[in-house]
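Peer 1: What shape does this take:
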Amino acid sequence: DCITMGEAAYYKPDMTEFYPKAGWVLRPANLPEGDPGRSWRIFEKNGKRVAVVMLLGQSGFARIHANNPFLAIDQLSNFLHKETACITVNFHAATTAEKLSMARHTNGKVSTGSMLSVGGLDPDAKVKEFLTGIPSWSREASAQPEAQGTYICFDDDGKAISIEPFRISGKEIVNEGDSNSKRN
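Peer 2: Take a look at the predicted model:
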């Protein structure tokens, strides 16, 4: 029902025009207020309301100047709890420490938190960036494209009682002589 974007939410200029037309695509909630697009949304499924929030970590994303995600989720969870007990958060972060800190910080406040890529980008370029400290203009990873998500069941209090990940493999379509690949 929705797709969440990470630090690349505005890397392609046409996305700023697309966001207002696509309420199912969520950009990070801790980007500046007034940026195009929605950062959270409440969906109704089988008579239950579920909030989905997208947040972006601050470590490792030099091209983006996101606000503090910890403060953002505090404000959003207080507001969203008035609408539903079920709040899911996709926290897109580059460091394990920040991810684990967010998981601990949101415990009790929210319900939850390409296979050959690093954050959706070419892994060799990202490893080189970590080794040298020089920002990489990495290309998107296209080998073994895959849609990933979770199927979550909640109890009436908004507590996640089960979570099942899903993975749907795609295939890369390469046109001979064309340097740009298309992915399904």
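Peer 1: From here on, just use CA atoms for contacts and neighbour counts.
Peer 2: OK.
Peer 1: Output the below-cut-off pLDDT ranges for this structure.
Peer 2: Along the chain, segments meeting pLDDT under 70 span 113-123, 126, 130, 137-147, 171-184.
Peer 1: same thing but at 50, please
Peer 2: In the predicted model, the chain carries pLDDT under 50 at residues 113-115, 175-184.
Peer 1: quick one: contacts for Asn67?
Peer 2: With contact set as Cα atoms under 8 Å, 6 or more residues apart in numbering, Asn67 has these partners: Asn30, Leu31, Pro32, Gln58.
Peer 1: what's the following helix or strand after the helix or strand containing Asn90?
Peer 2: Assigned by DSSP states H and E, Asn90 falls within strand 86-92. Using DSSP H and E, the helix or strand that follows strand 86-92 towards the C-terminus is helix 96-106.
Peer 1: Check which helices and strands that next one is in contact with.
Peer 2: helix 69-80 (3 or more Cα pairs under 8 Å, 6 or more residues apart in numbering; DSSP states H and E).
Peer 1: buried set for the helix it packs on?
Peer 2: By neighbour count with 16 or more other Cα atoms under 10 Å, helix 69-80 contains the buried residues Pro69, Phe70, Ile73, Ser77, Leu80.
Peer 1: do stretch 14-27 as well
Peer 2: Tyr19, Trp24, Val25, Leu26, Arg27.
Peer 1: could the residues you listed go into TSV alongside secondary structure and distance to Thr88?
Peer 2: TSV is the format used below for these (DSSP: H, G, I helix; E, B strand; the rest coil; distance: Cα to Cα, whole Å):
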residue	secondary structure	distance to Thr88
Tyr19	helix	21
Trp24	coil	15
Val25	strand	15
Leu26	strand	13
Arg27	coil	14
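Peer 1: Farthest pair within the residues you listed?
Peer 2: Trp24 and Arg27 (9.9 Å; Cα to Cα).
Peer 1: Outside of the strand holding Asn90 itself, list whatever touches it.
Peer 2: Applying Cα under 8 Å, 6+ apart, the contact partners of strand 86-92 are 4, 6-7, 49-57, 77, 80-81, 99, 102, 110-113, 154, 157-160.
Peer 1: how about the helices in this structure?
Peer 2: 14-18, 69-80, 96-106, 123-132 (DSSP state H).
Peer 1: got the ones you listed as JSON lines, with distance to Glu164 columns?
Peer 2: Listed next are the helices of the chain as JSON lines, based on distance: least, Cα to Cα, whole Å:
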{"stretch": "helix 14-18", "distance to Glu164": "30"}
{"stretch": "helix 69-80", "distance to Glu164": "23"}
{"stretch": "helix 96-106", "distance to Glu164": "18"}
{"stretch": "helix 123-132", "distance to Glu164": "26"}
